[in-house]
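**Q** Pasting a predicted model and its sequence here:
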2 protein chains.
Amino acid sequence: MKVILGSGAYHMAEEIKNKAEKFGKTVVEVEIKTFPDGEKYVRVLGDGEEALVIQSTFNPQNEHLIELLLLGDALKEKGFKHLKAVVPYLAYSRQDRVTKKGEPISVRAIMKMIGLYYDELYVFDLHNPKTLEFFPGKAVNLSPAKAIAKYFEDNLDNGLVLAPDKGALERAKAVADILGLDFSYFEKKRISPTEVQMTPVDVDVKGKNVLIVDDIISTGGTMIKAANILRNMGADKIFVVATHGVFAEGAIERVSAAVDELAVINTIPTPVSKISIVEDILGL
Amino acid sequence: MKVILGSGAYHMAEEIKNKAEKFGKTVVEVEIKTFPDGEKYVRVLGDGEEALVIQSTFNPQNEHLIELLLLGDALKEKGFKHLKAVVPYLAYSRQDRVTKKGEPISVRAIMKMIGLYYDELYVFDLHNPKTLEFFPGKAVNLSPAKAIAKYFEDNLDNGLVLAPDKGALERAKAVADILGLDFSYFEKKRISPTEVQMTPVDVDVKGKNVLIVDDIISTGGTMIKAANILRNMGADKIFVVATHGVFAEGAIERVSAAVDELAVINTIPTPVSKISIVEDILGL
């Protein structure tokens, strides 16, 4: 199996190159550049039958998406028969339903586009896993729970895993189960038009090391609020982790200041993308 | 028929809104914005059966392309049955063949992508018209010859239309035929590794007003060279026109300085996009 790196995987390139052989894979060189008029140019410098194309589609997401499309065309043109797309962070995944009449289901359009050339699609911790149905081929939602558990295992003696809301409970449970820890979630209750009360349900956090697990951190507001509540309730260390660090400006600093450690998976390159899913990818 | 404007058609919006009714069409309002994380948002504020979506895909072309895709999804979701895409300038149209092994045929990938939602595709003066075959539905290459002829007709008494090379001859002929003028082309002959000689074939340019017609102007080098040769041969006025002004930095100024007038079609908004194809579009 040949491994192809799009520019949305350059931040994992070194690790992938170092570990590919161990997983029986060969990294194929690819030339990627942007013409002066803004058009993307790609060229695949290797041959094969099956390719694993790794391309995360963070900002500039539209460029990364078109690049993924062009790589698919180049590989098929070169004679590759079976293409797997690994898109650790899938752009437009949060635009998964029509909330106001006239909107698209953007993630559907993106999945169809990837399906033009790719036979299989692998994503991590998709915002709405049901949207995988829009992909015409085989589509798999991978969990980063193992990577998260491994990263935090030494810090969670006397630990507890919490989800910031009930909808994220399964994600917290997956990490807790690996580490043999208790888990729960924050119940959110609107107490005024501008204020939401958050309470951890059925757990005593006093003296505990708590890991809060979410899929995406953007402004970080929920995480900071949750951390402050835990602190007031007597929690010991507070760790925050998310799969995708789609940080708004200043969010990393604000969350970091409120907790003992902030870490995200490297689906998006950020200064706190300390947890790698490269081995999960190379295992595909 | 409903008309939908993408952000790649905003530079024609006023003219389209003013003339739509004359062509029996209604412009539907569309909300288009960019989220803070870089993702595009579109929303169609109207209903109908058939839509003409106008979206030129100049730089930032990847954004314009994804936006066209999302508009297609929104329109189908809204119940539109038949979608026509008008893409006056089609990005990636020059990447129409594999020149080095491992390259994609990028224009093929783009046509397939547009074909996911659109039943018909209309482009202007496509670099390689054969590539229309890659579009799964009906695909039409429109000529801007009428618009060009109309714009220059008052300046071409005692005129002549020239193509900068033999490959562009049909384009020059189309304009010349409308105006009832002679036409020819420049023969290019390499006289040293760095120098190409250009000679107008079988025409006397002395005292003539000459219009040079091409599909794309980028650096403008060829046009400047052609203009200087004509000037030395005693031509009177020299006009340069192209369909797509994909100008490199400073090209507009350099070409303008070398000729009596430079004008391009408004497939791409530039300071010299003086010739409009809005009526051609509304006639579809």
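**A** Received it, and whenever you're ready, just let me know what you need.
**Q** The residue lying closest to residue A:103 once chain neighbours are set aside in helix, strand or coil?
**A** Among residues not flanking residue A:103 along the chain, residue B:43 sits closest, at 5.0 Å (C-beta to C-beta, 6 or more residues apart in numbering or on different chains). C-beta: built from backbone N, CA, C; applies to glycine. Local secondary structure at residue B:43 is given as strand here, using DSSP: H, G, I helix; E, B strand; the rest coil.
**Q** do residue A:64 as well
**A** Remark: residue A:64 carries the secondary structure label helix [criterion: three-state DSSP].
**Q** just residue A:211 next, same as before
**A** Following three-state DSSP, we place residue A:211 in the strand state.
**Q** got the contact list for it?
**A** Residues near residue A:211 by C-beta atoms under 8 Å, 6 or more residues apart in numbering or on different chains: A:152, A:156, A:159-162, A:175, A:239-241.
**Q** Would you mind measuring from the closest residue to it other than its chain neighbours to residue A:264?
**A** Leaving aside its chain neighbours, residue A:211 sits nearest to residue A:239 (4.6 Å; criterion: C-beta to C-beta, 6+ apart). Residue A:239 sits 12 Å away from residue A:264, taking C-beta to C-beta, to the nearest Å as the criterion.
**Q** Look at those two and report which has more neighbours.
**A** residue A:264 (27 against 22; other C-beta atoms under 10 Å in any protein chain shown).
**Q** just checking, what packs against the helix or strand that contains residue A:86?
**A** Residue A:86 belongs to strand A:82-87 when assigned by DSSP states H and E. With contacts defined as 3 or more C-beta pairs under 8 Å, 6 or more residues apart in numbering or on different chains; DSSP states H and E, the secondary structure elements packing on strand A:82-87 are strand A:50-54, helix A:61-77, strand A:120-124.
**Q** and it, which residues are buried?
**A** Of the residues in strand A:82-87, those buried by neighbour count under the rule 16 or more other C-beta atoms under 10 Å in any protein chain shown are A:83-87.
**Q** again with stretch A:60-79
**A** Applying a neighbour-count criterion of 16+ other C-beta under 10 Å, one finds A:60-78 buried in stretch A:60-79.
**Q** ditto for stretch A:172-192
**A** A:172-176, A:179, A:181, A:183-186, A:188.
**Q** how about the residues of the stretch 101-250 of chain A near chain B?
**A** A:101-106, A:108-110, A:112-113, A:116-117, A:218, A:246, A:248 (C-beta under 8 Å from any C-beta of the partner chain).
**Q** Quick check: helices, which of these are part of them?
**A** Within these, residues falling in helices by DSSP state H are A:106, A:108-110, A:112-113.
**Q** Can I get these in JSON lines including neighbour count and pLDDT?
**A** Putting these into JSON lines (neighbours: other C-beta atoms under 10 Å in any protein chain shown; pLDDT from 0 to 100) gives the following:
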{"residue": "A:106", "neighbour count": "25", "pLDDT": "98"}
{"residue": "A:108", "neighbour count": "21", "pLDDT": "98"}
{"residue": "A:109", "neighbour count": "25", "pLDDT": "98"}
{"residue": "A:110", "neighbour count": "28", "pLDDT": "98"}
{"residue": "A:112", "neighbour count": "18", "pLDDT": "98"}
{"residue": "A:113", "neighbour count": "22", "pLDDT": "98"}
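**Q** Go through these and name the one nearest residue B:234.
**A** The shortest gap between residue B:234 and any of those belongs to residue A:113, at 55.0 Å (C-beta to C-beta).
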